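Colleague: make a model of this:
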Amino acid sequence: MNKAMDYLGSNFNQYKVAIVHDWLTVFGGAERVLEQLLKIFENADIYTIVDYLDEKDRSFLDGKNITTSFIQNLPFAKKHYRSYLSLMPLAIEQFDLSKYDLIISSSYAVAKGVLTGPNQLHISYVHSPIRYAWDLQHEYLKTSGLDKGIKSLYARWLLHKIRIWDFRTSSGVDEWIANSTFIKNRIRKVYRRESKVIHPPVNTNRFKPAENKKDHYFTVSRLVPYKRIDLIVDAFKKMPDKELVVIGDGPEFSKINKNITPNIKLLGFQEAPVVEEYMSTAKAFIFAAQEDFGIVPVEAQACGVPVIAYGKGGVLDSVIDGKTGMFFFEQSEEALIQSIQKFEINYDNYDTDYIRQHAGKFSEERFRKEVEQCVKDTIEKYF
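Modeller: Numbers count the residues shown, from 1 in each chain. Predicted coordinates:
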């Protein structure tokens, strides 16, 4: 990277840049990061394991050159690409990135394992080390029904091999960015490397406080086990005088919908305007998962709505206990109920304008500025 000494501000067009993304299948939190990276590195090429993103969700890619791996063309990959996990380390290593000066990987699985040379700079934005291969292995095996039998032995062997590969390839990363303090600590534990925290981008300008508040509590999520929507619903079953609105769909829907009480509305999937209406008018947003960061709690705060959250994970970076929300520290119905009772006693102490102002600290503009500065500092550090 001979041009590094001639670095001019945040103009990265002088460099050949590749962005490596795990896979393009839905527009989620990782894709929001990719969207903002593409605004910084306008001429970047994209490399990804598979690209099955719907046409309606891919406008942010703006016709970029996208290179996929051989997994793209394997049988049943469109629906079952995750089943090819054992091939993903091999697939990511087949990308020839030798013509690029700067490689940015956006990784929560294998993207950070690309091969780079001594004259290339590799910066990895880490959403998480591979969760199901490290500290969450036992939870993953249990929820997937792979905790017993021959299939369990194969899964454990495979995850063992993934861990070896994941740690080995960490030496190919020159600079680490974590999406939260929680992930910074996980990177230190898994890879024994230090990282800079840059929180994910949130479109805080899209959300506005409601003029007329209502009395309901609110949560929105994909209904999968680790989100713990079941815990929230069960807690409100014991509080029939308090209204809960739940938006979201997923494999847990039928289970959660059983024996539901009249004070709980389970609305399934809803379009964004409906979600924003219920969110902005809510008394509080309830969040019971342990997330790497958690974008939705920030969106709720952008509406001026306080967040009652399980006090572990990335939410510790985004919610200020007693000012923009309140924590409970056990994933139990009793702990959540006690937190809601305490919240209602102190409800008048929560200031809508302060909560919204705090959410602005996680804006898209802030993300781009911090990434640009980090890349500049890294270029100057290594070259």
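Colleague: which residues does the residue lying closest to Tyr81 once chain neighbours are set aside contact?
Modeller: Ranked by CB to CB, 6 or more residues apart in numbering and with sequence neighbours excluded, the top spatial neighbour of Tyr81 is Val50, at 4.9 Å. The way it works is simple: take the backbone N, C-alpha and C, and place the C-beta from them, glycine included. For Val50, the contact set (CB atoms under 8 Å, 6 or more residues apart in numbering) comprises 23-25, 68-69, 71-72, 77-78, 81.
Colleague: please report how far Val50 lies from Leu159.
Modeller: Note on Val50: its distance to Leu159, by CB to CB, to the nearest Å, is 21 Å.
Colleague: that older thread, and the gap between the residue nearest to Tyr81 and Leu121?
Modeller: 26 Å.
Colleague: number of residues surrounding the residue nearest to Ser144 when sequence neighbours are not counted?
Modeller: Nearest residue to Ser144, sequence neighbours excluded (CB to CB, 6+ apart): Ala155, at 7.7 Å. Counted with other CB atoms under 10 Å, residues neighbouring Ala155 total 19.
Colleague: helices or strands next to the lowest-mean-pLDDT helix or strand in the chain in the packing?
Modeller: The helix or strand of the chain with the lowest confidence, counting by mean pLDDT, DSSP states H and E, is helix 137-143 at a mean of 85. The contact analysis (3 or more CB pairs under 8 Å, 6 or more residues apart in numbering; DSSP states H and E) places helix 137-143 against helix 149-169.
Colleague: list the buried residues for the helix it packs on?
Modeller: 155, 159, 162-163, 165-166, 169 (16 or more other CB atoms under 10 Å).
Colleague: okay, these in JSON lines with distance to Phe95 next?
Modeller: What follows is those, written out as JSON lines (distance: CB to CB, whole Å):
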{"residue": "Ala155", "distance to Phe95": "27"}
{"residue": "Leu159", "distance to Phe95": "23"}
{"residue": "Ile162", "distance to Phe95": "18"}
{"residue": "Arg163", "distance to Phe95": "22"}
{"residue": "Trp165", "distance to Phe95": "15"}
{"residue": "Asp166", "distance to Phe95": "17"}
{"residue": "Thr169", "distance to Phe95": "13"}
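Colleague: which two of those have the greatest separation?
Modeller: Ala155 and Thr169 (20.9 Å; CB to CB).
Colleague: show me where the stretch 1-150 of the chain has strands.
Modeller: Ranges of strands within the stretch 1-150 of the chain are 17-21, 45-48, 66-68, 102-107, 121-126, based on DSSP state E, counting those that start in this stretch.
Colleague: so for Asn2, what's the pLDDT?
Modeller: Here the pLDDT value assigned to Asn2 is 48.
Colleague: name the nearest of the buried residues of helix 149-169 relative to Ser128.
Modeller: Asp166 (11.4 Å).
Colleague: isn't Ala38 up against Lys64?
Modeller: Residue 38: Leu, not Ala. Yes: if you go by CB atoms under 8 Å, Leu38 and Lys64 touch, sitting 6.8 Å apart.
Colleague: more crowded one of those two?
Modeller: Legend: neighbour count by other CB under 10 Å for Leu38 and Lys64, higher for Leu38 (18 against 15).
Colleague: give the contact list for that one.
Modeller: Residues in contact with Leu38 (CB under 8 Å, 6+ apart) are 19, 44, 46, 60-62, 64.
Colleague: please apply the same query to Ile264.
Modeller: 233, 236-237, 243-246.
Colleague: and the furthest pair within those?
Modeller: Farthest-apart pair in these is Lys237 and Val245; separation 14.4 Å (CB to CB).
Colleague: on that earlier part again, out of the contacts of Leu38, who's the most crowded?
Modeller: Scoring these on neighbours with other CB under 10 Å, the highest-scoring entry is Ile19 at 25 neighbours.
Colleague: for that residue, give the beta-bridge partners.
Modeller: For Ile19, the beta-bridge partners are Ile46, Ile104 (DSSP bridges).
Colleague: kind regards, and thank you for your time.
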